[in-house]
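Undergrad: Just the structure for this:
(one chain, ligands or ions: 1)
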Amino acid sequence: MLQEIGTIQTSFDTDLKSISSVQDLEGIKSKYLGKTGLIPQLYKQLGRLSPEEKKEIGSKLNDLRHKAQTGLSEALIAFEEKIFLEKSRKNMVDMTLPLPKAAYGGRHPITQTMEYLIELLAQMGFDVGEGPELEHEDFNFTYLNIPEHHPARDDHDTFYIQKPWLLRTHTSPVQIHYMKKYTELPIQMIAPGRVYRADDDATHSPMFHQIEGLWVDKGIHFGHLKAMIKAFLQEIFEMDQVRFRPSFFPFTEPSAEVDIGCVFCNGRGCRVCKQTGWLEVMGSGLVHPKVLQYGGVEDPAVSGLAFGLGVERLTMLLFRIPDMRMLFDNDPRVLTKAARHRHFPHIREDA
Ligand code: PHE
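TA: As a prediction, the model looks like this:
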């Protein structure tokens with residue numbers, strides 16, 4: 001019987017080494033330890049032995065049974081561990097992989113353009129003035145020489161809140177607010193801000209931004225206007241092509257619209273400039289005497305120049321954005337676009 005115990009031990013060890021599934025383990029368990037398994041069968045034979053033999057062989061048999069039990073449970077644990085490792089290796093996260101690039105926010109192109117233009121104008125001596133977006137029609141129209149029933153009021157597609165209150169259609173009313181508030185000469189003011197018009201297409205948005213300029217002093221004439229605006233635009237666009245076209249605004253006389261050579265085609269003619277080679281960037285003129293009067297400037301020797309520019313238009317030119325609506329869509333490709341301009345802080349284009 002001792003020999004038999006030894007043989008069973010050896011074959012158990014070999015069987016255990018060859019398992020490849022949990023079912024194999026179950027098989028081995030019933031083969032050796034099951035009710036009719038090899039080890040219980042040996043126990044049945046103990047009855048035929050003498051008390052001494054029973055003692056010796058019995059303890060060997062107990063050893064065998066114990067080894068088989070622990071061997072099986074250890075093998076089960078080891079096997080489950082192996083399966084777990086295999087599974088987790090499949091789903092493993094490689095901690096050395098570079099992370100996807102984070103989407104960095106940035107200041108909106110309109111904000112960047114505004115800040116750049118304000119800084120440039122501040123260097124030219126302009127002070128920043130302010131006025132309300134909810135405006136009285138007297139400031140938006142009457143004091144700017146657009147009396148009631150004047151056709152120019154209809155041109156403005158005004159959002160009326162409740163007559164006489166409206167959303168200002170331009171920043172020109174700030175001219176009046178500023179002149180009324182600051183009487184000391186010279187007056188040299190810019191007014192950046194939001195304006196509103198009931199208009200919405202590829203080149204118009206119901207809300208957009210303007211920067212108003214006003215320079216009032218003794219003896220201001222058209223030469224000052226031309227020189228100042230030319231210097232301003234040449235600084236921005238680094239080019240010579242600036243032209244003044246006669247125009248009409250009720251609050252300036254004479255009036256001129258200002259064009260620059262198209263930055264998209266260098267004046268050759270393209271879709272953006274409608275084949276003209278020129279892009280309109282601002283309105284301007286000498287302040288109408290009536291407007292000066294409404295602002296409280298009485299001295300006839302005092303005159304002024306004024307201009308108003310559309311910030312969206314300039315943003316589109318500086319950032320090469322072809323459709324105004326793109327500025328309000330919040331598309332990250334637009335929001336992280338870098339301006340093609342030497343004075344713009346570098347924005348990560350790859351972010
Ligand atoms: N307010 C005019 C506009 O919105 C622009 C402008 C301002 C023209 C000042 C002349 C002088 O179109």
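Undergrad: Is it correct that residue 272 is in contact with residue 264?
TA: Yes: with contact defined as CB atoms under 8 Å, residue 272 counts as touching residue 264 (4.6 Å). Where you see a C-beta, it was placed from the backbone N, CA and C, and this is true even at glycine.
Undergrad: All the strands of the stretch 101-250 of the chain, in order from the start?
TA: Here the stretch 101-250 of the chain has its strands, by DSSP state E, counting those that start in this stretch, at 127-128, 134-136, 160-162, 165-167, 187-196, 207-218, 242-249.
Undergrad: if I look at the residue lying closest to residue 198 once chain neighbours are set aside, how far off is the ligand?
TA: Distance criterion CB to CB, 6 or more residues apart in numbering; nearest residue to residue 198, sequence neighbours excluded, is residue 157 at 4.1 Å. Note on residue 157: its distance to the ligand, by CB to the nearest ligand atom, to the nearest Å, is 12 Å.
Undergrad: Out of the strands of the stretch 101-250 of the chain, flag the one nearest the ligand.
TA: Among those, strand 242-249 comes nearest to the ligand, with 4.5 Å by CB to the nearest ligand atom.
Undergrad: Check the offset of that closest one from the chain's centre.
TA: Strand 242-249 sits 37 Å away from the centroid of its parent chain (CA atoms, centre = their mean, to the nearest Å).
Undergrad: cool, and stretch 3-23?
TA: Distance, centroid of stretch 3-23 to centroid of chain: 67 Å (CA atoms, centre = their mean).
Undergrad: So for whichever residue of the stretch 1-150 of the chain sits closest to the ligand, what's the pLDDT?
TA: Per CB to the nearest ligand atom, residue 144 is where the stretch 1-150 of the chain lies closest to the ligand, at 7.9 Å. With respect to pLDDT, residue 144 scores 97.
Undergrad: Name the nearest residue to it, ignoring sequence neighbours.
TA: residue 251 (4.1 Å).
Undergrad: my guess is residue 205 contacts residue 329, does it?
TA: No: distance between residue 205 and residue 329: 10.8 Å, which falls outside the contact criterion (CB under 8 Å).
Undergrad: sorry, back to before: roughly how far does the residue nearest to residue 198 sit from residue 142?
TA: Using CB to CB, to the nearest Å, we find residue 157 at a distance of 18 Å from residue 142.
Undergrad: quick one: the residue nearest to residue 54 when sequence neighbours are not counted from residue 12, how far?
TA: Setting aside the residues directly before and after it, residue 54 is nearest to residue 46 in space (CB to CB, 6+ apart), at 5.7 Å. Note on residue 46: its distance to residue 12, by CB to CB, is 19 Å.
Undergrad: neighbour-wise, which of these two wins?
TA: More crowded of residue 46 and residue 12, by other CB atoms under 10 Å: residue 12, with 21 against 13.
Undergrad: May I have the secondary structure class of residue 307?
TA: strand (DSSP: H, G, I helix; E, B strand; the rest coil).
Undergrad: who touches it in this structure?
TA: 212, 213, 225, 229, 258, 282, 283, 284, 285 (CB atoms under 8 Å, 6 or more residues apart in numbering).
Undergrad: State the distance from the residue of the chain most remote from its centre to residue 57.
TA: Distance from the C-alpha centroid of the chain peaks at residue 50, with 92.1 Å (CA atoms, centre = their mean). Distance check for residue 50 against residue 57: by CB to CB, it reads 10 Å.
Undergrad: What of residue 324?
TA: Counting by CB to CB - residue 324 and residue 57 are separated by 100 Å.
Undergrad: again with residue 37
TA: Residue 37 is 18 Å from residue 57, by CB to CB.
Undergrad: Name the residue in the two with the higher neighbour count.
TA: residue 57 (19 against 16).
Undergrad: what's the distance between whichever helix or strand that one is part of and the middle of its chain?
TA: Secondary-structure assignment from DSSP states H and E places residue 57 in helix 51-90. Remark: helix 51-90 is offset 63 Å from the chain centroid, using CA atoms, centre = their mean.
Undergrad: where does the closest residue to residue 118 other than its chain neighbours sit relative to residue 277, distance-wise?
TA: The spatial neighbour of residue 118 that comes closest, neighbours along the chain excluded (CB to CB, 6+ apart), is residue 192 at 5.8 Å. Residue 192 sits 29 Å away from residue 277 when distances are taken as CB to CB.
Undergrad: So those two - more neighbours on which side?
TA: residue 192 (21 against 16).
Undergrad: and the stretch 251-351 of the chain, which of its residues are near the ligand?
TA: Residues of the stretch 251-351 of the chain lying near the ligand by CB under 6 Å from any ligand atom: 252, 283, 284, 285, 306, 307, 308.
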